[in-house]
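Chemist: Here's a sequence, model it:
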Amino acid sequence: MIYNSGQFGGVSGKMARSLMLAIATQPPGGADHGGLRRQRPDFPGRDRSCDDEEPGRAGQGRQLSQISHPSRRTVLRGIFGAAAIMGFLRDTDLAIAAEDPGLASRFKDLSENGNSTCSAKFTESIATMPSTSRIKGSCCSPMEMKRYVEQVTGLARYRDIAMIPSDPYDIPAGIAQKMMPYYDVKLTSTEQQTYDYAMANSEEKGPCCCQCWRWKVYGGLAKYLIREHGFIGKQIVDVWDLSDGCGGGM
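Modeler: Okay, here's the model as predicted:
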């Protein structure tokens with residue numbers, strides 16, 4: 001059968017050519033094997049478990065055949081599925097930008113002009129920063145607009161507590177300098193139980209994904225909130241999860 005790019009309306013020329021090439025190389029009478037298994041991406045600093053099952057020889061041969069010769073339906077699903085996902089993500093960001101241009105502008109600045117790192121040297125430098133300077137940007141992965149909006153919106157409910165940064169990607173150095181010493185405060189047994197609950201139930205299993213400056217700042221913040229504001233474990237979990245500054249989504 002002969003195909004031409006006009007039969008794939010709404011698909012870019014480059015994508016259509018790739019599609020036609022995939023179809024042209026499909027062996028005659030090739031069976032439809034359905035969708036291919038997707039591989040999960042690796043994320044810096046995260047331990048992602050892999051599938052451990054080991055198929056038999058026949059299963060291995062069948063899987064290799066599926067990977068080598070995807071069916072026409074598989075190709076189409078992959079192309080249009082990817083296009084739909086990208087369109088949704090693009091539309092979501094555009095909708096957020098249209099609703100709050102100021103927030104979108106701040107996101108652009110923080111995601112492109114950050115100065116934060118996970119190094120020990122950067123952690124040590126915080127003590128000598130001017131209190132009015134800002135610690136900006138993510139530590140590990142690129143920021144995501146949708147998650148950023150969720151975080152800033154969620155943290156607004158703690159606006160009456162000055163020591164809780166309203167933006168996890170734009171932290172006044174003065175607040176960091178005040179919270180870091182709290183990290184070494186010894187809690188009472190009851191207070192420690194509250195802190196331990198947050199460690200066990202927060203998304204990162206702690207104040208941050210690694211023991212960098214954020215770990216000390218937000219670990220100190222947790223102890224401050226427990227002692228000075230009577231926060232319970234669930235409240236600390238909420239603050240930590242909303243203040244995750246590692247980048248990416250949840």
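Chemist: Now for residue 200, how many residues are close by?
Modeler: 11 (other C-beta atoms under 10 Å). For every residue, glycine as well, the C-beta is placed using N, CA and C.
Chemist: For residue 132, give me its contacts.
Modeler: Contacts for residue 132 (C-beta atoms under 8 Å, 6 or more residues apart in numbering) come out as 172-174.
Chemist: Just the closest of those residues to residue 153, please.
Modeler: Closest approach between the contacts of residue 132 and residue 153, by C-beta to C-beta: residue 172, at 19.7 Å.
Chemist: So the closest residue in space to the closest one that isn't next to it in sequence versus residue 229, what's the distance?
Modeler: Excluding the flanking residues, the one nearest residue 172 by C-beta to C-beta, 6 or more residues apart in numbering is residue 134, at 6.2 Å. Relative to residue 229, residue 134 is positioned 24 Å away (C-beta to C-beta, to the nearest Å).
Chemist: Same check on residue 152?
Modeler: Note on residue 152: its distance to residue 229, by C-beta to C-beta, is 21 Å.
Chemist: One more: residue 168?
Modeler: 19 Å.
Chemist: go on, residue 201?
Modeler: Taken as C-beta to C-beta, the span from residue 201 to residue 229 is 19 Å.
Chemist: what's the answer for residue 182, then?
Modeler: Distance from residue 182 to residue 229, by C-beta to C-beta: 12 Å.
Chemist: Would you mind telling me which of these two has more residues around it?
Modeler: With neighbours defined as other C-beta under 10 Å, residue 182 and residue 229 compare such that residue 182 has more, 20 against 13.
Chemist: Am I right that residue 232 is in contact with residue 195?
Modeler: No: contact between residue 232 and residue 195 fails when scored by C-beta atoms under 8 Å: they sit 10.7 Å apart.
Chemist: And these two? Which one has more around it.
Modeler: Looking at residue 232 and residue 195 with other C-beta under 10 Å, you find the greater number of neighbours at residue 195, namely 18 against 12.
Chemist: can you pull the buried residues of stretch 236-250?
Modeler: 236-248 (16 or more other C-beta atoms under 10 Å).
Chemist: need the strands for the chain, in chain order.
Modeler: 134-136, 170-172 (DSSP state E).
Chemist: With mean pLDDT, distance to residue 105 and mean neighbour count as added columns, please give those strands in JSON lines.
Modeler: Listed next are those as JSON lines, based on pLDDT from 0 to 100; distance: least, C-beta to C-beta, whole Å; neighbours: other C-beta atoms under 10 Å:
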{"stretch": "strand 134-136", "mean pLDDT": "96", "distance to residue 105": "14", "mean neighbour count": "20"}
{"stretch": "strand 170-172", "mean pLDDT": "97", "distance to residue 105": "12", "mean neighbour count": "20"}
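Chemist: mind giving me a markdown table with those and columns for distance to residue 146?
Modeler: Converted to a markdown table, the strands of the chain look like this (distance: least, C-beta to C-beta, whole Å):
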| stretch | distance to residue 146 |
| --- | --- |
| strand 134-136 | 20 |
| strand 170-172 | 18 |
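Chemist: Of all these, which one comes closest to residue 164?
Modeler: Nearest of these (C-beta to C-beta): strand 170-172, 10.3 Å.
Chemist: nearest to residue 219, of the buried residues of stretch 236-250?
Modeler: So of the buried residues of stretch 236-250, ranked by how close each gets to residue 219 (C-beta to C-beta), first place is residue 240, at 9.2 Å.
Chemist: No more questions from me, cheers.
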